[in-house]
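Trainee: need a structure here:
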Amino acid sequence: QVQLVESGGGLVQTGGSLRLSCAASGRTLSMYVMGWFRQAPGKEREFVASITWSGGSTYYADSVKGRFTISRDNAKNTVYLQMNSLKPEDTAVYYCAARKITFTDYSAWGQGTQVTVSS
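Mentor: Next comes the predicted model:
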């Protein structure tokens, strides 16, 4: 099982930037896809971005394309989400998650980190 710990959330003004980190530990990480999700108050959790450990292939939700960048540092077993040009609608709890590359469902989740963008 993979264990995930997020950090880096906080309060930022509109147009600002934040970088979230997700430290992963556990089984063979190269077999996993790492994802970031978010959940705003009163809304369902939504996909933000994902990356494969092995090849670094990335995918983004349309709402964050061009503003957010997901990356990984294999040596540190850490995945990052660089968030630029933040908007109030980006306010949410952000979760790091992992799924095996052959599965569609994410099976491991972090505790979440709050991101608040003030207008």
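
Trainee: What strand or helix carries the residue nearest to L86 when sequence neighbours are not counted?
Mentor: Nearest residue to L86, sequence neighbours excluded (Cβ to Cβ, 6 or more residues apart in numbering): V117, at 4.6 Å. Any C-beta I mention is one placed from the backbone N, CA and C, and that applies to glycine too. Counting by DSSP states H and E, the element that carries V117 is strand 113-118.

Trainee: So what are the sheet partners of that strand and their directions?
Mentor: Paired neighbours of strand 113-118 in the sheet (DSSP bridges): strand 10-13 (parallel), strand 92-100 (antiparallel).

Trainee: What residues of it count as buried?
Mentor: For strand 113-118, burial by neighbour count (16 or more other Cβ atoms under 10 Å) applies to 113, 115, 117.

Trainee: Make sure the first one is actually in contact with L20.
Mentor: The reference is to T113. Yes - if you go by Cβ atoms under 8 Å, T113 and L20 touch, sitting 6.2 Å apart.

Trainee: Between the two, which contacts overlap?
Mentor: 6-9, 94 (Cβ atoms under 8 Å, 6 or more residues apart in numbering).

Trainee: Just the buried residues of the residues you listed.
Mentor: 6, 8-9, 94.

Trainee: picking up where we left off before, what's the closest of the shared contacts of T113 and L20 to F47?
Mentor: Y94 (11.6 Å; Cβ to Cβ).

Trainee: For G35, see how far away the closest one is.
Mentor: Distance, Y94 to G35, using Cβ to Cβ, to the nearest Å: 11 Å.

Trainee: between these two, what contacts are shared?
Mentor: By Cβ under 8 Å, 6+ apart, the residues touching both Y94 and G35 are V48.

Trainee: Ramachandran angles for A40?
Mentor: phi -90, psi 160 (degrees, to the nearest 10).

Trainee: List the contacts of it.
Mentor: 89, 91-93.

Trainee: Same list, those, but as CSV with pLDDT, neighbour count and distance to T58 please.
Mentor: Listed next are the contacts of A40 as CSV, based on pLDDT from 0 to 100; neighbours: other Cβ atoms under 10 Å; distance: Cβ to Cβ, whole Å:
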residue, pLDDT, neighbour count, distance to T58
E89, 96, 11, 22
T91, 98, 18, 23
A92, 98, 22, 20
V93, 98, 18, 22
